Structures are given as structure tokens and as C-alpha cells.
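J.: return a 3D structure for these sequence lines:
(one chain, ligands or ions: 2)
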Amino acid sequence: MRVLLTGGSGFIGSHIALLLLERGFDVLILDSYVNSSSNVINRIKAYLDKKDLNYKLKSINGDIRDKKLLDNIFIDSIKEKKPIDTVIHLAGLKSVSESFSNPLHYWDVNVIGTLNLLLTMKEYKCYSLVFSSSATIYGLSNSVPMAEDHKISPINPYGKTKVAIENMIYDLYNSNINVWKICSLRYFNPVGAHPSGLIGEDPIGIPNNLFPYLTQVAIGRQKSLNIYGNDWDTDDGSGIRDYIHIIDLAEGHLASIDYLNSKESCLEFVNLGSGKGYSVFQIIRQFELSTGCKIPFSIESRRDGDVAKSYADISKAKKLLAWTPKRSLEQICLDGWNWQLKNPYGFQ
Ligand code: NAD
Ligand code: UFG
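T.: Ligands and ions are numbered 1, 2, ... in the order given. A predicted model of the protein is given here:
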């Protein structure tokens, strides 16, 4: 079975690629490398070679907004008699702050890019899609845990592009409910790394997110962690989030493919998280306990757009996809630290 993985060399895509290849899928990665390194592909190959696995992997350097390129990818696959069965669509931009300063770029890449992809899928009769949506679409709400029927009210342009895509997918599905098979997965906070330490998160510049910032403090690339507020309405005053091990998240995609393969047609919006909430202080404490590192920190004022609590109700994913997250917060810390230790400067 051939899977087109857009954004497949990014943080989440690279972990999904590895799992797909281990399970014997034929994988085509399409990535423009605007936020990733081509070294990722070599790392994936090195891992599979070491395990002596026969695998089918092709990587294409290109942009999802390039319609001609997309046409050629689908046409070539048909000519090779290995048509693309499913698309896992991760390619896109994800920085909340950048989406405020350059919203049109976000609408262009995320929305126009996805429109282009869906048009091409329709043209070449590829009707099976897994899409990377985000918990950011739930907006400013402290009502936890959040289920899929939680109010949608994004508060940043990035989140608005994800909602626009979910709406596009909804309309597309309803235009021909007999053929389309779609899962839109709403990720909470994916963190950690592959246990091999060969692939992991490698943000460009100063990390925006807690976990990569924390591991960079531990390795000495950043001096101290800024905690954005200790006066939130939570037990210890710091923000609570749902951190999910990247391998659990990747497994959720394989479970989604199995689910889509079992259906004639479907459209599902599904949360992927651990279902548990941890505060910033709890994350620091667990990281220090698991790794023996000391994390210096200072308390700063609240960050614009943050909420006190956000974590997922994952009952739907468990039931529908027969999937359950298995890895603990300790495992997240150990694997994230293993990756950072082995690759102090990421893929460089
Ligand atoms: P990432 O930036 O590591 O991966 C995205 C990949 O897409 C990168 O490799 C980038 O080079 C590629 N890309 C960007 N624009 C492209 C284009 N026009 N054409 C082709 N490739 C392009 O990000 P990630 O964390 O792996 O996120 C993957 C997806 O999951 C994104 O759609 C993101 O919005 C979504 N998501 C991420 C999180 C998170 O916290 N990481 C949470 C919710 C949703
Ligand atoms: N935080 C700090 N210091 C930091 C970074 C973060 O204290 O240096 C705090 C935040 O205030 C928040 C928690 O750590 O309380 C988590 O913050 P992250 O930036 O790691 O994650 P967010 O939940 O804010 O957002 C992330 C992605 C969004 C995505 C969302 C849900 O950045 O794009 O998860 O999936 F939409």
C-alpha cells in the first residue's frame, strides 16, 4: 500500500514515516524542507538499514502549492502501477506568532496548499486522507477535558487556517459521501523523540514550545527556562497541557489508516492526546527526576494567547481507532533527553 506523506521530514512526519516503513508501507515523502532537514531521510534509512529491513521509501523535494508537481507525483505512481492509496497530509506552517505577523503566508501555504492537494487527490481518484489538525482550534477555553464536540473558536491565524481546512474537508466529504474516507486528527502537544535517538524535534531558532526549550536548557544551549505565569487558575499556578509521546501520536496515524481501510466511506474528527494534563512545574520536576539534569527557571508574565488548562478527552480515539497512548511522561522525558544528548544541535 502506497502512502503519500506530505511534510514527512518534519518532526511528526518523520516519526510516522519510520513506523509506516517498519510496517511495510510504500512511502512517498513530499517536503519542501522549509522547516526540516534532508538529513532526516538519511537518518530514517540508517535506522531501517541497521534493522536489516527491506523498505520502499522515496523522498521528493517540493511544495504542496506546486500543482504540476502534485500531478506528476500521482501520474508517476499510476504509471508505476503503485497508485497512491492514502495521503497523510502534514505539510504546513505551525508557528502561532509567525501566523500573526504573516497571516497571508499561512493562508497560502496551509489553506491553498491543502486545496491544491485535495483537487489533485480528487482528479486521480485517491479518496483516503488523514489530516493534521490541532487542538488550537478549541481556542480560549478552560473547560477540560475537551471532546471533539467542544466549541471551535480559534484565536490565532494559524488555528483559523486549520478550521478552514476542516470546513473544506467537511464540504468535500458531503459532495460525495460514498467515496471519501477522511480522518482529521486534532493533536494536543506532541513531544519526546524516537527511542533510537536518531530522529526528534529540531526547531529552527529559539524554540517557542516548552519541551524543546527545556531540553535545550538541559544541554546548555539556552540559559534558563522562562515560565509564562505562576498565577493561572491551576493547583500550582502554571499552565496545564496534554503532552503526548510522539510515537503514541504516530501510532494514532497507523490506527487511522487501518480504520479508513475498514470503511467504505467516513469522515471523522478525532482528538489525539494522552488524555492527561500536566503543569509546567510538573514537567520540570519529572524531567529533572528522569534525567538528573537541573533546570534553572524564572517566572515571567503570562504569554499572550495562553490558557490555564488544555487536555483531551480521548474516548473517541480509543473506541473508533482501537488506539491508546502507552508511553508515560517519564518515557517522554527519557526519549526527548536521549535525542537532545545525541544531537545537541539537531540534524546539523
Ligand atoms: P514541522 O514543521 O516539523 O513539519 C512540517 C513539515 O512540512 C516540515 O518538514 C516543512 O518543511 C514542511 N512544509 C511546510 N510547508 C510546506 C510546503 N508548502 N510544501 C511542502 N512541505 C512543506 O511540524 P510538525 O510539528 O511535524 O507538524 C506537522 C503538522 O502537524 C503541521 O500541519 C502542524 O500544523 C500540525 N500540528 C503540529 C502540532 C505540534 O505541536 N507540533 C500540533 C498540532 C498540529
Ligand atoms: N511555556 C512556558 N515556557 C516556555 C514555553 C511554554 O512556560 O518557554 C508554557 C506555556 O505557557 C504553556 C505550556 O508551557 O502553559 C505549553 O506551551 P507550548 O508552547 O509548549 O504549547 P501550547 O499548548 O501553547 O501550543 C502547542 C503548539 C500549538 C498547538 C497546541 C495544541 O505550539 O501550535 O500546542 O496542539 F496548537
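J.: how about the residues of the stretch 151-300 of the chain near ligand 1?
T.: Taking CB under 6 Å from any ligand atom as the criterion, the neighbours of ligand 1 within the stretch 151-300 of the chain are 187, 189-190. (Glycine included, C-beta is placed from N, CA and C.)
J.: highest neighbour count among those?
T.: Ranked by the number of neighbours (other CB atoms under 10 Å), those place Pro190 first, at 26 neighbours.
J.: where's whichever residue of the chain sits closest to ligand 1 relative to Ala218, distance?
T.: Here the chain gets closest to ligand 1 at one residue, Gly10, 2.0 Å apart by CB to the nearest ligand atom. For Gly10, the distance to Ala218 (CB to CB, to the nearest Å) stands at 23 Å.
J.: what of Ser256?
T.: To Ala218, Ser256 is 33 Å away according to CB to CB.
J.: name the residue in those two with the higher neighbour count.
T.: The residue with more neighbours, out of Ser256 and Ala218, is Ser256; 28 against 23, by other CB under 10 Å.
J.: and the pLDDT at the more buried one?
T.: On pLDDT, Ser256 comes in at 98.
J.: list the contacts of it.
T.: Ser256 makes contact with 130, 183, 185, 270, 321, according to CB atoms under 8 Å, 6 or more residues apart in numbering.
J.: one more time with 7 Å, if that's ok
T.: 130, 183, 185, 321 (CB atoms under 7 Å, 6 or more residues apart in numbering).
J.: show me what residue of the stretch 101-250 of the chain gets nearest to ligand 2.
T.: Nearest residue of the stretch 101-250 of the chain to ligand 2 (CB to the nearest ligand atom) works out as Gly239 at 2.3 Å.
J.: out of the residues of the stretch 151-300 of the chain next to ligand 1, who's near ligand 2?
T.: Contacts with ligand 2 within these, as defined by CB under 6 Å from any ligand atom: 187, 189.
J.: take the residues of the stretch 151-300 of the chain next to ligand 1 and keep only those in strands.
T.: Counting by DSSP state E, the part of those found in strands is 187, 189-190.
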